[in-house]
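In: fold the following, please.
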Amino acid sequence: MSTSTEPVSQFDIAEAGDRQGLSQAASDYWTRVKGGDIGSLPAIIGVVVLVIIFGALEGDTFLTTANFANLINQGAAITVLAMGLVFVLLLGEIDLSAGFTAGMGAAVTAVTVTEHGWPWPLSLLAALLVGVVIGSLIAALVAYLGIPSFIVTLAFFLGLQGIMLLIIGEGGTIPIRNDAILTVMNKNMPVVLGWLFALLIIAGFAGATYFAIMKRRKAGLPTEATSVWLAKVGGLALVVLVFTYLLNEERQRETALIKIQGVPWVIPLVVVLVVGLSFMLGRTGLGRHIYAVGGNKEAARRAGINVKGVMTTCFNLCSTLAVVAGILIASRDNSVSPTTGGAQTLLYAVGAAVIGGTSLFGGRGKIYDAVTGGLVVAVIANGLPLVTQKSGVQFLVNGLVLLVAASVDAISRRRAAATGR
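Out: Numbers count the residues shown, from 1 in each chain. Down below sits the predicted model:
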């Protein structure tokens, strides 16, 4: 009886793992879900259920390409605002002023562009600097003076609303006529460019994930099976191509003189933010420090992490992204008023982050949680008015959805603690 003495390479191990394929990956995922690591699963299920319900009740209006594009524009600003809130929520903190920080960013942009004639890049830079100043002030009070973030941001919520009233005037409105700013939320990419952008997303994801797998294999680290990688790339490709096809369809009636088709310009902006911020959270030391501080501030401090510096960075990112969201709101509305960023803006953004899977207790969440949660919020905000015009019903449904999301978060954390995850 002979035995082989040939060494087993890491690639042989990887090929053996491939034979387990999708069934093993599905089993591992289900184990994580049962252990409390549910991620964005409830939000994805929620989107599917809501689309089915609204499609059945108001299919002629809801299930149209025009409404699909409108839904994306409705959810873009809330999604970007929710991305910023993810950083604060990861720390176990809250920023109640994010909505009116968005309004301040929009107000600064409108005043400088419309009333003072600044070039739009300079106006946007000024607005972003305002976001950095607001975030730095909040962080100084929370991280260095130890005042609870709820109190600090509530004060900023009131104060920023007052500053907006002083800048714009009660009942006043500042129109925005700059084409560059208005294009972001009101115009679409050429059809060919939209398809090229879709292929770039697919190729970029496939290349980045493939090289990450190869790097781990060369380092002798465990990797996912190639079949799982192919399934992920195929799933993303299917979603991106279907979305691009629907958005590139003509959205006007056949008799209309003006054609409206193409991927909205705001989508590339959101994609760039998701990719960049996800990379920062998942692949950099700062990202690891954010999760560490959110998990246990004292343990992070004893490990040598600059807790106050991390908190300052997160509040700055939240306020800066809030300004970006405010500019998107102003672009969509073609104007800015004292109510910009107010009303339910903050509540919808917090709801989007939590519904997507970001924990209210800190230490758990990802940037794409804001995207999936923002999609749920956008579907509700878009579909409910088609079903009922009663504001009471709309508020009730939104409140119930947020309550369910918070309950799922609490239950999953309890389950994770019980299983030691």
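In: mind checking how far Ala127 is from Val111?
Out: 10 Å (Cβ to Cβ, to the nearest Å). Where you see a C-beta, it was placed from the backbone N, CA and C, and this is true even at glycine.
In: between those two, which one's more packed in?
Out: Ala127 (26 against 18; other Cβ atoms under 10 Å).
In: do you know the pLDDT at Gly215?
Out: Wrong residue type there; residue 215 is Lys, not Gly. At Lys215, the model reports a pLDDT of 88.
In: where's Ala155, which helix or strand?
Out: Here Ala155 sits within helix 149-168, counting by DSSP states H and E.
In: please point out which parts of that helix sit buried.
Out: Buried residues in helix 149-168, counted by 16 or more other Cβ atoms under 10 Å: 149, 152-153, 156-157, 160-161, 164, 167-168.
In: can you put those in a markdown table and add pLDDT and distance to Ile94?
Out: Converted to a markdown table, these look like this (pLDDT from 0 to 100; distance: Cβ to Cβ, whole Å):
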| residue | pLDDT | distance to Ile94 |
| --- | --- | --- |
| Ser149 | 94 | 5 |
| Val152 | 96 | 10 |
| Thr153 | 95 | 6 |
| Phe156 | 95 | 12 |
| Phe157 | 94 | 11 |
| Leu160 | 94 | 15 |
| Gln161 | 92 | 17 |
| Met164 | 91 | 21 |
| Ile167 | 87 | 26 |
| Ile168 | 87 | 27 |
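In: tabulate those residues (a markdown table), appending distance to Val336.
Out: Listed next are those as a markdown table, based on distance: Cβ to Cβ, whole Å:
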| residue | distance to Val336 |
| --- | --- |
| Ser149 | 27 |
| Val152 | 25 |
| Thr153 | 22 |
| Phe156 | 19 |
| Phe157 | 18 |
| Leu160 | 14 |
| Gln161 | 13 |
| Met164 | 9 |
| Ile167 | 9 |
| Ile168 | 7 |
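In: between these, which is nearest Arg413?
Out: Set against Arg413, the nearest of the buried residues of helix 149-168 by Cβ to Cβ is Ser149 (19.9 Å).
In: Leu96 in helix, strand or coil?
Out: coil (DSSP: H, G, I helix; E, B strand; the rest coil).
In: report pLDDT for it.
Out: Listed pLDDT for Leu96 reads 93.
In: wait, isn't it in contact with Ile151?
Out: No. Using Cβ atoms under 8 Å as the test, Leu96 is too far from Ile151 to be in contact (9.4 Å).
In: which residues are common contacts for those two?
Out: Shared contacts of Leu96 and Ile151 (Cβ atoms under 8 Å, 6 or more residues apart in numbering): none.
In: now the helices for the stretch 101-250 of the chain?
Out: Using DSSP state H, counting those that start in this stretch, the helices of the stretch 101-250 of the chain run over 120-139, 149-168, 179-186, 191-218, 226-248.
In: CA atoms of the first one as PDB?
Out: By that I understand helix 120-139. Extracted as PDB, the C-alpha positions of helix 120-139 are listed here (Å, rounded to 0.1, in the frame of the first residue of the first chain):
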ATOM      1  CA  TRP A 120     -21.100  76.300  -8.200                       C
ATOM      2  CA  PRO A 121     -17.800  74.400  -7.200                       C
ATOM      3  CA  LEU A 122     -17.000  77.100  -4.800                       C
ATOM      4  CA  SER A 123     -20.500  77.100  -3.400                       C
ATOM      5  CA  LEU A 124     -20.400  73.300  -2.900                       C
ATOM      6  CA  LEU A 125     -17.100  73.600  -1.100                       C
ATOM      7  CA  ALA A 126     -18.400  76.300   1.200                       C
ATOM      8  CA  ALA A 127     -21.400  74.100   2.000                       C
ATOM      9  CA  LEU A 128     -19.200  71.100   2.800                       C
ATOM     10  CA  LEU A 129     -17.000  73.200   5.000                       C
ATOM     11  CA  VAL A 130     -20.100  74.200   6.900                       C
ATOM     12  CA  GLY A 131     -20.800  70.500   7.400                       C
ATOM     13  CA  VAL A 132     -17.300  69.900   8.800                       C
ATOM     14  CA  VAL A 133     -17.700  72.900  11.200                       C
ATOM     15  CA  ILE A 134     -21.000  71.500  12.500                       C
ATOM     16  CA  GLY A 135     -19.600  68.000  12.900                       C
ATOM     17  CA  SER A 136     -16.500  69.300  14.700                       C
ATOM     18  CA  LEU A 137     -18.600  71.300  17.100                       C
ATOM     19  CA  ILE A 138     -20.800  68.400  17.900                       C
ATOM     20  CA  ALA A 139     -17.900  66.100  18.300                       C
END
